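[1] Task: produce atomic coordinates for the following.
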Amino acid sequence: MPKSPGRPKGVPNKTTATLKEAILLAAEQVGENGAGKDGLVGYLRTVAATDVKAFSSLLGKVLPMQVTGPDDADGMPGAIKISIVDPQR
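    The predicted structure follows:
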C-alpha cells in the first residue's frame, strides 16, 4: 500500500485543534471571577495580574518576532511602538 502524503503543511492535526479549542473555551468560561465575567479577556487580565511570568510568556508568543521599519545608524529600529487595542471601542 503506497504511503499517503499526509496532512498539508500548515494544517494542524485534529487533536491539537481540539485541545486549543477546549483551552480557549475553558478560559472563556472561567473568566475574571471564576464564573465567566468578561470571558477570555477577563481570564487573561487575571493571569496578567496574578502570574506575570506566565502572562509574559503568552505575550512572547503573540508579539511579532521581527521588527521592521526605518533603521537608526546602528541598524536597529529607531523606536518600537506597542499599542493595546481596546476591543470594546
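[2] just for the chain, where's the confidence low?
    Applying pLDDT under 70 to the chain picks out residues 1, 65-83, 85-89.
[3] For it, which residue occupies the most central location?
    residue 62 (4.3 Å; Cα atoms, centre = their mean).
[4] That one and residue 12, how far apart?
    Counting by Cβ to Cβ, to the nearest Å, the gap from residue 62 to residue 12 is 17 Å. C-betas here are computed from N, CA, C, even on glycine.
[5] for this protein, what's the longest helix?
    helix 14-30 (DSSP state H).
[6] counting contacts, what elements does the helix or strand following it pack onto?
    Sequence-wise, the next helix or strand downstream of helix 14-30 (DSSP states H and E) is helix 39-50. Under the contact definition 3 or more Cβ pairs under 8 Å, 6 or more residues apart in numbering; DSSP states H and E, helix 39-50 sits against helix 14-30, helix 52-62.
[7] most tightly surrounded among the ones you listed?
    The highest mean neighbour count among these, using mean count of other Cβ atoms under 10 Å, belongs to helix 14-30: a mean of 12.
[8] List of residues touching that one?
    Here helix 14-30 makes contact (Cβ atoms under 8 Å, 6 or more residues apart in numbering) with 12, 36, 39-40, 43-44.
[9] Just send those residues back as JSON lines, with neighbour count too.
    Below are these laid out as JSON lines (neighbours: other Cβ atoms under 10 Å):
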{"residue": "12", "neighbour count": "11"}
{"residue": "36", "neighbour count": "15"}
{"residue": "39", "neighbour count": "15"}
{"residue": "40", "neighbour count": "17"}
{"residue": "43", "neighbour count": "22"}
{"residue": "44", "neighbour count": "16"}
